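Peer 1: Pasting the sequence and the predicted coordinates here, then a few questions.
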2 protein chains.
Amino acid sequence: MNRILILGGDGYLGWPTAMHFSRRGHAVGVIDDFTRRRCHLERGTDSLTPIAPLHERVQAWEQVSGERIAFWVFDLCDYGRLRATIEAFAPDTIIHYGEIPSAPYSMIDRDHAVRTQIPNVLGTLNLLWAMREVAPDAHLVKLGTMGEYGTPNIDIEEGYLEIEHNGRRDRLPFPKLPPSFYHLSKVHDSHNIHFACRTWGLRATDLNQGVVYGIHTDETQLDDRLLTRFDYDELFGTALNRFCVEAVIGHPITVYGKGHQTRGFLNIRDTLQCVELATRHPAAAGEMRVFNQFTEVFTVLQLAEEVHRAAAHLGYAAEIRHVDNPRVEAEEHYYNPTHTGLLELGLQPRLLSEELIETMLHTIERFKDRVRLHGIAPATRWR
Amino acid sequence: MNRILILGGDGYLGWPTAMHFSRRGHAVGVIDDFTRRRCHLERGTDSLTPIAPLHERVQAWEQVSGERIAFWVFDLCDYGRLRATIEAFAPDTIIHYGEIPSAPYSMIDRDHAVRTQIPNVLGTLNLLWAMREVAPDAHLVKLGTMGEYGTPNIDIEEGYLEIEHNGRRDRLPFPKLPPSFYHLSKVHDSHNIHFACRTWGLRATDLNQGVVYGIHTDETQLDDRLLTRFDYDELFGTALNRFCVEAVIGHPITVYGKGHQTRGFLNIRDTLQCVELATRHPAAAGEMRVFNQFTEVFTVLQLAEEVHRAAAHLGYAAEIRHVDNPRVEAEEHYYNPTHTGLLELGLQPRLLSEELIETMLHTIERFKDRVRLHGIAPATRWR
């Protein structure tokens, strides 16, 4: 039994992670200040799935599982509360999802760039100091993103690169080309965490996660009050999830530009598996271990075609539409990222299948009356 | 004639830079919120040289030179004022010194880490957005630091590295190993600036500066009211400057650890030359050009010995004392950074000489009664 503290434990991945560990007998605590819910409030958008307030979620979880999840509502920028909560809860593992995760949100204007980058960086900075002061042996499992790397013209390694230059060698942080102020915030975090590990001997695992898809985990299926959020808007909805909603509601499947942008993807259930593997096998003191957390590589257009095919089999007449790419990104590029670390720890990938997409489409069908159309089309432009 | 806006124009380098450009017929504006003066107030320390308030400096400069320097007092975190000032002044070049520059200050505790990193990152982020909105063709000359690189076991290139990996090649940002939260803030800036250049087509020169020494420039010598600050305390005093003060007042010359730490150094007059060269030869639209800005490499112990020798010739009985290294840093390491970019633009280095040190010692002698002893010994520890 471990004591596991989850920052951002009310989110798409945080809440399923909390239930996953709780069900396996661990003592779970959650911190969240509902930033994501407030971002949706601001934009007039919402989760497709009707999610319960955190207060109700933890009650429902106790009724369903018999297990208690502790929770605290505050901003990670509040150092006093963060430090005190960590000291009181005494976690073995801190899983940090507590950041704004949207590239387009960070590109809306100066205000949103700052509202993304500063709290993300400050929250993690506070966390590192709090760990140093009151939990120096805890293991930080930090969610990064594959987007930190951008699309360099060389193979992407897991966090570090063996470099030979003018006859000398070193293993150095992999150079980063992040494509938004959000992705930049994760790069800043990675540098801050690396420093804290090197200098103070903290232990951390930085999970550079690909794009997550899926609605359900074993626990979210137990009761509708345990559903996790499912975003499909231009700001928080990611490719596959958004495409599935578009297909069900008869909206064109919107592919940005040519759709040859290539990315790593994984099932939400595999996120839980990866985070559990990282937790069960902590980094060493002084180590910032980096894993590239995804199971398959697709182009955006391939995903659109997969959704199109599965939707057609279920009788949805979806159309793929290429729209002007609102982002500044290469639409034709080399992409070959390594992702062996988590496989070596025992990850058993659940690969994308038509069956999985059909299951998603069925769940979306249940909630399609909740869809708000105004937030789907890409309105946020990089230039 | 160019319009040159200097952020941090009240500082050690900013004020001499303002006078340097003003004397050469450029329209100069200065923004500062006196952060450095306030940091000294907080710590009970001060500049060795008695510096006039900015309000008096610009008056004195007008009397001495006949030239006006415009100035505004506000925090770069105030986006509204920054944007409005840039729009009104319409600079061709923005020289950005406006950040807290101290590694030990950033390592005092969580509060000082945040007070260094967040305003530094936010100020630059605001500047990038303001440039995008109201000065997209201006050239940003940003002061970074050689400390961003740390001490890798390979030659340090200027900002980027040609990497061959598994048979493919790319030119990528040079990997960074910054050794403090301050140095990290500059790494974060570099990533944010690089993104803004790639994505919005801004033009920037990132000057990764070594350790600056010296008291005088041509303009500071014209009138005592034009003196620039000279710090010798553990937080803001850098190696050579601090050693000279120690020698004059009969304090041991304090070398941290073995003193084999190797760094790049340059004369304050060469800082002005470098910044002028960068300004006269702007980066291209979309380019973040990086120069390593130093003229010579020394170990800390070599500098201490140079000061010891020069001081002895002037009759000061200084002693070199090795103190426990308060920092976490390699005391024996490889160090071979490239610095050809500025030489190619025409930099004529003024190398360190005994004569220069003697001149510094004479100036320090004039002000030695102002020395405050309590801030000299290293009290801030990395662990």
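Peer 2: Great, that's in hand. Remember, predicted model here, so these are calculated numbers, not experimental data.
Peer 1: Give me the phi and psi angles of A:L5.
Peer 2: phi -110, psi 130 (degrees, to the nearest 10).
Peer 1: Next one: it from A:I86, what distance?
Peer 2: 7 Å (CB to CB, to the nearest Å). Placement of C-beta: from N, CA and C, glycine included.
Peer 1: Between the two, which contacts overlap?
Peer 2: Counting by CB atoms under 8 Å, 6 or more residues apart in numbering or on different chains, the shared contacts of A:L5 and A:I86 are A:I94.
Peer 1: quick one: which of the two has more around it?
Peer 2: Neighbour tally, A:L5 and A:I86, criterion other CB atoms under 10 Å in any protein chain shown: the higher count belongs to A:L5, 26 against 23.
Peer 1: For the stretch 101-250 of chain A, which segments are assigned as helices?
Peer 2: For the stretch 101-250 of chain A, the helices defined by DSSP state H, counting those that start in this stretch cover A:103-107, A:110-134, A:181-200, A:239-249.
Peer 1: Throw these into CSV and include mean neighbour count, thanks.
Peer 2: Shown next, in CSV, are the helices of the stretch 101-250 of chain A (neighbours: other CB atoms under 10 Å in any protein chain shown):
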stretch, mean neighbour count
helix A:103-107, 23
helix A:110-134, 22
helix A:181-200, 24
helix A:239-249, 25
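Peer 1: Next, the distance between the ends of stretch A:201-216.
Peer 2: Using CA to CA, to the nearest Å, the gap from the first to the last residue of stretch A:201-216 comes to 37 Å.
Peer 1: if I've got this straight, A:F265 is in a strand?
Peer 2: Yes - checked against DSSP: H, G, I helix; E, B strand; the rest coil, A:F265 lies within a strand.
Peer 1: and A:N292, which of the three is it?
Peer 2: strand.
Peer 1: shouldn't it be in contact with A:T338?
Peer 2: Yes - with contact defined as CB atoms under 8 Å, A:N292 counts as touching A:T338 (6.1 Å).
Peer 1: neighbour count winner among those two?
Peer 2: A:N292 (24 against 13).
Peer 1: for the residue nearest to A:T238 when sequence neighbours are not counted, what are its contacts?
Peer 2: In space, not counting the residues next to it along the chain, A:T238 is nearest to A:V211; the distance is 4.8 Å by CB to CB, 6 or more residues apart in numbering or on different chains. By CB under 8 Å, 6+ apart, the contact list for A:V211 reads A:M146, A:T238, A:A239, A:L240, A:R263, A:G264, A:F265, A:L266, A:F294.
Peer 1: and what of A:E287?
Peer 2: Counted by CB under 8 Å, 6+ apart, A:E287 has contacts A:C197, A:R203, A:A204.
Peer 1: And the spatially closest residue to A:I268 that is not a sequence neighbour, how far from chain B?
Peer 2: Nearest non-adjacent residue to A:I268, counting by CB to CB, 6+ apart: A:G214, 3.8 Å away. Computed as CB to the nearest CB, to the nearest Å, the A:G214 to chain B distance reads 30 Å.
Peer 1: how many other residues sit next to A:G214?
Peer 2: The burial count assigned to A:G214 is 26, neighbours taken as other CB under 10 Å.
Peer 1: Just list whatever residues bridge to the residue nearest to A:T238.
Peer 2: Per DSSP bridges, the residues bridged to A:V211 are A:F265.
Peer 1: separation between it and chain B?
Peer 2: Distance of A:V211 to chain B, given as CB to the nearest CB: 20 Å.
Peer 1: likewise A:Y316?
Peer 2: 36 Å.
Peer 1: which residues sit in contact with that residue?
Peer 2: A:Y316 neighbours (CB under 8 Å, 6+ apart): A:A247, A:V248, A:G250, A:L361.
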